[in-house]
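Participant: Give me a model of this one.
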Amino acid sequence: MDRAKWTLNRDGSAVFEAIIVSSSSDDAWLMWVNTLDSAGIVLGPVHHGGDPKFVRGTVKNEWHWWFDSGTFDSRLFDRINSMRMTSHC
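Facilitator: Okay, here's the model as predicted:
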């Protein structure tokens, strides 16, 4: 994954973009994202259709843009200091 970027909005919407590639056929990137406060404590997840797991299929050795969107609890917006993204292919 390269150029990964999340944009969080005050209304609780979130937008993601990245470039992904896999060295295997019929593979998928999996991603989970949590918002964190200034002490690094988890505030809550970014959801995708109610599910905290984001999934994007890949084609062997082909780079693709991954655009996605999600939501989070908008009441937490002013407390969010960073995010923790866990992903693997």
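Participant: So what's the residue count around the closest residue to residue 2 other than its chain neighbours?
Facilitator: Distance criterion CB to CB, 6 or more residues apart in numbering; nearest residue to residue 2, sequence neighbours excluded, is residue 19 at 4.6 Å. Bear in mind the C-beta positions are built from the backbone N, C-alpha and C, glycine included. Other residues near residue 19 come to 12 when the count uses other CB atoms under 10 Å.
Participant: and what of residue 48?
Facilitator: 19.
Participant: I'd guessed it sits against residue 72; true?
Facilitator: No - with contacts counted by CB atoms under 8 Å, residue 48 stays clear of residue 72, the gap being 10.7 Å.
Participant: Report the contact partners of the most centrally placed residue in the chain.
Facilitator: Taking CA atoms, centre = their mean, the centroid of the chain lies closest to residue 33, which sits 5.0 Å from it. Contact partners of residue 33, counting by CB atoms under 8 Å, 6 or more residues apart in numbering, are 6, 14, 16, 45, 46, 52, 54, 70, 83, 84, 85, 86.
Participant: Enumerate the beta-bridge partners assigned to it.
Facilitator: Residue 33 has the following beta-bridge partners by DSSP bridges: residue 85.
Participant: Can you check the pLDDT for it?
Facilitator: Listed pLDDT for residue 33 reads 96.
Participant: what number of residues lie near the closest residue to residue 27 other than its chain neighbours?
Facilitator: Once flanking residues are discounted, residue 27 sits nearest to residue 58: 4.9 Å by CB to CB, 6+ apart. Neighbour count for residue 58, taken as other CB under 10 Å: 20.
Participant: begin at 662 from here
Facilitator: Sure, I'll start counting at 662 from here, so that last one is residue 719.
Participant: sec struct for the residue of the chain positioned farthest from its centre, please.
Facilitator: The outermost residue of the chain relative to its centre, with distances by CA atoms, centre = their mean, is residue 686 at 22.4 Å. Look at residue 686: counting by DSSP: H, G, I helix; E, B strand; the rest coil, its state is coil.
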